[in-house]
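>>> Sequence first, then the predicted structure:
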Amino acid sequence: MFCLKTLPLLLLLHMELSKAFPVPSEGRNAKIVQDYLEKFYRLPSNQYRTARKNSASMVVEKLKEMQRFFGLNVTGKPDAETLEVMEKPRCGVPDSSSFMITPGSPKWEHTNVTYRIISHTQQLSVAEVGAAFEKAFKLWSGASPLTFTRISQGEADIKIAFVQRDHGDNSPFDGPNGILAHAFQPGPGIGGDVHFDAEETWTTNFNNYNLFLVAAHEFGHSLGLAHSSDAGALMYPNYAFSEPSTYTLPQDDINGIQAIYGPSNNPIQPTGPSTPMACDPRLTFDAITTLRGEIFFFKDKYFWRRHPQLRSVELNFISLFWPSLPNGIQAAYEDFDKDLVFLFKGNQYWAMSGYDIQQGYPRHISNYGFPSNVQAIDAAVSYGRKTYFFVNDQLWRYDNQRQAMDPGYPQSISSTFPGIQSRVDAVFQQDDFFLFFSGPRYYAFNLSTNRVTRLDKSNKWLNCR
Ligand SMILES: [Ca+2]
Ligand SMILES: [Ca+2]
Ligand SMILES: [Zn+2]
Ligand SMILES: [Zn+2]
């Protein structure tokens with residue numbers, strides 16, 4: 001029992017560490033890299049090494065393969081961002097390079113697939129486990145001609161079990177975290193079967209790890225899908241939380257299952273959310289803010305996080321960092337004096353300190369003094385003890401010390417910021433500039449000279465050309 005109680009704290013510590021880009025320590029990292037590449041990139045294990053030189057170059061090649069898969073800088077070195085990805089909880093099935101479908105394209109030859117739950121976890125009721133699996137199968141049946149029937153005896157196509165450590169298939173589990181589950185490609189016997197690590201804490205909510213989300217991923221393998229390098233896809237190898245009640249199968253996974261089994265029998269083919277592409281020339285942002293030196297670019301259920309020193313950009317789920325925040329954040333700003341970031345959606349807002357949402361939120365934007373006809377904020381930025389709010393073509397200025405709107409507002413945006421003519425999607429402050437984003441362009445507004453000094457493509461900030 002003691003172990004179970006300390007788990008949430010350990011998880012938290014792990015997350016905090018990984019968020020802070022840990023500085024590597026040599027020997028331990030070599031082992032992490034070796035283990036990871038052996039498990040997920042088919043690096044021959046140490047015991048089969050013949051020439052040391054060969055194996056070193058093999059590690060570099062496999063490391064590059066892994067870095068390409070995850071869209072990291074392909075350095076062949078175990079740098080901080082690579083180690084960060086390696087320490088994330090994930091599926092135990094190896095990543096085969098760039099194949100959406102499992103190599104050899106195994107598939108079920110019948111469309112009426114059966115499953116059987118062989119064993120349960122004690123952390124959830126039998127009904128909760130059954131409901132999670134049923135919901136997970138529905139994702140796949142909705143996008144394909146397949147149907148799934150649960151049977152309680154006899155031989156099922158997909159046998160599902162909670163097991164721990166060594167369990168007789170040469171792929172032992174590793175205790176809490178690390179590998180969460182694995183599954184076998186379609187075929188007789190163990191083919192299609194799914195194993196969950198019984199030592200994980202399985203949940204039906206946002207606490208690690210949501211059984212429905214992990215099951216839906218593993219069932220994808222049971223049907224013949226391999227891992228996807230699309231970070232928003234269900235078949236992405238790393239665990240990421242999404243709200244289960246509103247979860248729909250992403251487009252990348254719909255494409256995958258339909259490539260194997262053809263379209264759904266439903267006359268209206270399902271469509272799913274696509275992951276925003278950083279270098280899409282049409283890319284726009286929902287909101288942007290700085291947070292203790294980093295810059296966060298919000299888009300739908302994602303955000304890109306730009307690290308000032310590493311100059312690297314990573315795509316993440318909002319829910320992974322702030323499980324209680326909604327998707328589609330519309331405006332955000334950092335209050336440097338209070339060391340808080342405020343996030344807005346509709347007429348609600350949240351405050352966070354670092355990565356922690358503060359107690360007592362969400363609150364209503366009328367607290368800022370907005371009249372009732374203002375129901376949403378387009379963009380916000382704070383500078384010099386004033387906070388600027390952009391709503392359509394209007395600007396509101398709030399005094400952070402008096403905690404009230406300044407008199408004389410709203411004004412037209414262009415009267416205060418000449419050159420900013422159109423609606424503002426997002427804005428943040430850096431040095432002497434306000435960076436205004438409108439559609440796929442941004443305007444650098446110099447606060448000393450009071451004019452726009454640069455106009456360029458928005459996604460230059462995501463290292464796109
Ligand atoms: Ca595990
Ligand atoms: Ca916005
Ligand atoms: Zn997987
Ligand atoms: Zn297994």
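Happy to help now that I have it. Ligands and ions are numbered 1, 2, ... in the order given.

>>> Point to the helix or strand of this structure where mean pLDDT is at its lowest.
helix 2-19 (a mean of 34; mean pLDDT, DSSP states H and E).

>>> can you pull the contacts of the closest residue to ligand 1 within the stretch 251-400 of the chain?
Nearest residue of the stretch 251-400 of the chain to ligand 1 (Cβ to the ion) works out as Leu320 at 18.2 Å. In this view, the C-beta of every residue, glycine as well, is placed from N, C-alpha and C. By Cβ atoms under 8 Å, 6 or more residues apart in numbering, the residues touching Leu320 are 240-241.

>>> Which strand or helix spans it?
helix 318-321 (DSSP states H and E).

>>> Beyond that helix, next helix or strand please.
Following helix 318-321 in sequence, per DSSP H and E, is strand 331-335.

>>> just the CA coordinates of that next one, formatted as PDB?
Only the C-alpha atoms of strand 331-335 are listed here, as PDB (Å, rounded to 0.1, in the frame of the first residue of the first chain):
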ATOM      1  CA  ALA A 331      -6.000  34.600 -25.400                       C
ATOM      2  CA  ALA A 332      -3.200  34.500 -22.900                       C
ATOM      3  CA  TYR A 333      -0.800  36.800 -21.200                       C
ATOM      4  CA  GLU A 334       2.000  36.800 -18.600                       C
ATOM      5  CA  ASP A 335       1.800  39.100 -15.600                       C
END
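
>>> Quick one: distance of that strand to the chain centre.
How far strand 331-335 lies from its chain's middle: 21 Å, per Cα atoms, centre = their mean, to the nearest Å.

>>> tell me what it is packed against?
strand 287-291, strand 340-345, strand 379-383, strand 386-391, strand 426-430 (3 or more Cβ pairs under 8 Å, 6 or more residues apart in numbering; DSSP states H and E).

>>> residues in contact with that strand?
With Cβ under 8 Å, 6+ apart, strand 331-335 has contacts from 287-291, 296, 298, 340-344, 377-382, 387, 389-390, 400, 426, 428.

>>> Run through the protein and note the low-pLDDT ranges.
Filtered on pLDDT under 70, the chain yields the residue ranges 1-25, 46-54, 97-103.

>>> Spatially central residue for it, please.
Nearest to the mean C-alpha position of the chain, by Cα atoms, centre = their mean, lies Phe317 at 3.1 Å.

>>> in the sheet, who's paired with it?
In this entry, Phe317 is beta-bridged to Tyr302, by DSSP bridges.

>>> Could you do Val452 as well?
Where Val452 sits in a bridge, its partners, by DSSP bridges, are Phe445.

>>> what sits against it?
Val452 makes contact with 418-420, 443-446 under the criterion Cβ under 8 Å, 6+ apart.

>>> Now do it against ligand 2, distance only.
19 Å (Cβ to the ion, to the nearest Å).

>>> ok so, going back, how far does the helix holding Leu320 sit from the chain's center?
Offset of helix 318-321 from its chain centre (Cα atoms, centre = their mean): 7 Å.

>>> Kindly report the same for stretch 140-155.
From the chain centre to the centre of stretch 140-155 is a distance of 28 Å (Cα atoms, centre = their mean).

>>> Can you point out the buried residues in that stretch?
By neighbour count on 16 or more other Cβ atoms under 10 Å, the buried set for stretch 140-155 is 140-144, 146, 148.

>>> related to what we said a few turns ago, for the contacts of Val452, work out which two are farthest apart.
The span of the contacts of Val452, defined through Cβ to Cβ, is set by Pro418 and Ala444 at 13.5 Å.

>>> So which of those two has more stuff around it?
Ala444 (17 against 12; other Cβ atoms under 10 Å).

>>> which residue packs closest to the more buried one, ignoring adjacent ones?
Arg454 (3.9 Å; Cβ to Cβ, 6 or more residues apart in numbering).

>>> Against ligand 4, how distant is that neighbour?
Applying Cβ to the ion, the value for Arg454 to ligand 4 is 55 Å.

>>> Tell me how many other residues surround that residue.
The burial count for Arg454: 11, using other Cβ under 10 Å.

>>> Around ligand 3, pick out the residues from the stretch 51-200 of the chain.
91, 93 (Cβ under 5 Å from the ion).

>>> all strands of the stretch 51-200 of the chain, in order?
Counting by DSSP state E, counting those that start in this stretch, one finds strands in the stretch 51-200 of the chain at the ranges 112-117, 147-150, 158-163, 181-183, 194-197.

>>> For the first one, which outside residues touch it?
Pointing back at strand 112-117 there. Applying Cβ under 8 Å, 6+ apart, the contact partners of strand 112-117 are 129-130, 133, 137, 146-154, 156-161, 192, 223.

>>> what are the pairing partners of it, and which direction each?
When pairing is defined by DSSP bridges, strand 112-117 lines up against strand 147-150 (parallel), strand 158-163 (parallel).

>>> Return the set of buried residues in it.
Across strand 112-117, burial judged by 16+ other Cβ under 10 Å covers 113-117.

>>> With ligand 3 in mind, check whether stretch 247-258 reaches it.
No - applying Cβ under 5 Å from the ion, one finds stretch 247-258 out of contact with ligand 3, separated by at least 11.7 Å.

>>> And ligand 2, is the helix or strand where Phe436 lies touching that?
Using DSSP H and E, Phe436 maps to strand 433-438. No - judged by Cβ under 5 Å from the ion, strand 433-438 stays clear of ligand 2, getting no closer than 8.3 Å.

>>> elements contacting that strand?
Where contact means 3+ Cβ pairs under 8 Å, 6+ apart, strand 433-438 is packed against strand 379-383, strand 426-430, strand 441-446.

>>> Tell me which of those strands approaches ligand 3 most closely.
Among the helices and strands packed on strand 433-438, strand 426-430 comes nearest to ligand 3, with 34.2 Å by Cβ to the ion.

>>> Off-centre distance for that closest one?
Centroid separation for strand 426-430 versus its chain: 23 Å, with Cα atoms, centre = their mean.

>>> Stretch 153-169 now?
The answer for stretch 153-169 is 29 Å, by Cα atoms, centre = their mean.

>>> try stretch 372-385
Computed by Cα atoms, centre = their mean, the chain-centroid distance of stretch 372-385 equals 27 Å.

>>> now the strands for the stretch 201-350 of the chain?
Taking DSSP E, counting those that start in this stretch, the strands of the stretch 201-350 of the chain run over residues 287-291, 294-299, 302-306, 313-317, 331-335, 340-345, 348-353.
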